[in-house]
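# Coordinates for the following, if possible.
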Amino acid sequence: MRSRGRFIVLEGIDGAGTTSQMRHVVEWLERRGELVHATREPTDGPIGLMLRQVLRGRLVATPGLARGDAKPQPIDPAAVALLFAADRVDHLHNEVVPHLEAGRHVVCDRYVLSSLAYQSLDCDLRFVRNINEKALAPDMTIFLRVRAEVAMDRIETTRTQKETFEQLPLQKRIAAAYDKLLEGYRDGEVVALDGEEELSMVTSRIRGALERLF
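Predicted structure coming up:
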């Protein structure tokens, strides 16, 4: 019987390189002969797709209709935080845990730390922690530390459409939130790496950290 897979998470602000590095991690594991499944949050499931519309400003609320004010309004931050938590529960139940139990390693682009860093900008951190308290702890979280200015330069040169959080002032606040959270984060091993190094060097350092799991 195949043993349980490892749960690996890549974290960082927008533009930190988590998506690119996830691809490299998956390719490396496959070359080693490992069974591996790549995934991300928000997911491609029904709740995740709704969240992506929210982040792109395509899904808004109209709470003023009862007052005769039809101007679209942003969805309440607490509701957004709950959607992220709901997407995560669905993700774990229908995708992550089944793959782990089948012996596949799961590599996820963003997870609970993202919720704690991003949603705590507009919500009480305790609230965000509480609604995510049942989330499965990763075996290892790789955090790519990148300055907000560097990350935004990357976004400007590689993306044609920005999401809600992809603004320099917000990215600075999110980076600071991540740093503060990492001081006391205890849900699995966390490895912080310099995400501003050459891409190949970052990939090499990630592999070095993951060797301990295998």
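# Output the lowest mean pLDDT helix or strand found in this protein.
helix 148-158 (a mean of 88; mean pLDDT, DSSP states H and E).
# Other residues contacting that helix?
Under the criterion Cβ atoms under 8 Å, 6 or more residues apart in numbering, residues 12-17, 162, 166, 168, 171-172, 174-175, 196 lie in contact with helix 148-158. Using the backbone N, CA and C atoms, a C-beta is placed for each residue, glycine as well.
# one more time with 7 Å, if that's ok
13-16, 162, 166, 168, 171-172, 175, 196 (Cβ atoms under 7 Å, 6 or more residues apart in numbering).
# Buried ones among those residues?
13-16, 166, 171-172, 175 (16 or more other Cβ atoms under 10 Å).
# on that earlier part again, can you tell me which two in the contacts of helix 148-158 are farthest apart?
Farthest apart among those by Cβ to Cβ are 162 and 196. That separation is 20.9 Å.
# Near residue 197, how many other residues are there?
15 (other Cβ atoms under 10 Å).
# And for residue 177?
19.
# in stretch 142-162, what's buried?
In stretch 142-162, counting by 16+ other Cβ under 10 Å, buried: 142-148, 151-152, 154-155.
# now swap in stretch 35-51 and tell me
Going by 16+ other Cβ under 10 Å, stretch 35-51 has these buried residues: 36-43, 45, 47-48, 50-51.
# Show me which of those residues is closest to residue 105.
Out of the buried residues of stretch 35-51, the member with the shortest distance to residue 105 (by Cβ to Cβ) is residue 36, at 4.7 Å.
# returning to what we had before: and of the buried ones among the contacts of helix 148-158, the nearest to residue 204?
Using Cβ to Cβ, the shortest approach to residue 204 within the buried ones among the contacts of helix 148-158 belongs to residue 16, at 16.8 Å.
# Now do the contacts for that closest one.
Contacts of residue 16 by Cβ under 7 Å, 6+ apart are 144, 146, 151, 195.
# Which members of these define the maximum pairwise distance?
Among the contacts of residue 16, the pair separated by the greatest distance (Cβ to Cβ) is 144 and 151, at 9.5 Å.
# can the contacts of residue 16 go into JSON lines with extra columns for secondary structure and distance to residue 133?
What follows is the contacts of residue 16, written out as JSON lines (DSSP: H, G, I helix; E, B strand; the rest coil; distance: Cβ to Cβ, whole Å):
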{"residue": "144", "secondary structure": "strand", "distance to residue 133": "25"}
{"residue": "146", "secondary structure": "coil", "distance to residue 133": "29"}
{"residue": "151", "secondary structure": "helix", "distance to residue 133": "29"}
{"residue": "195", "secondary structure": "coil", "distance to residue 133": "28"}
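# Parallel or antiparallel, list what pairs with the helix or strand encompassing residue 108.
Element membership for residue 108 (DSSP states H and E) is strand 105-109. On the basis of DSSP bridges, the sheet neighbours of strand 105-109 come out as strand 7-11 (parallel), strand 36-40 (parallel).
# This completes my enquiry, with thanks.
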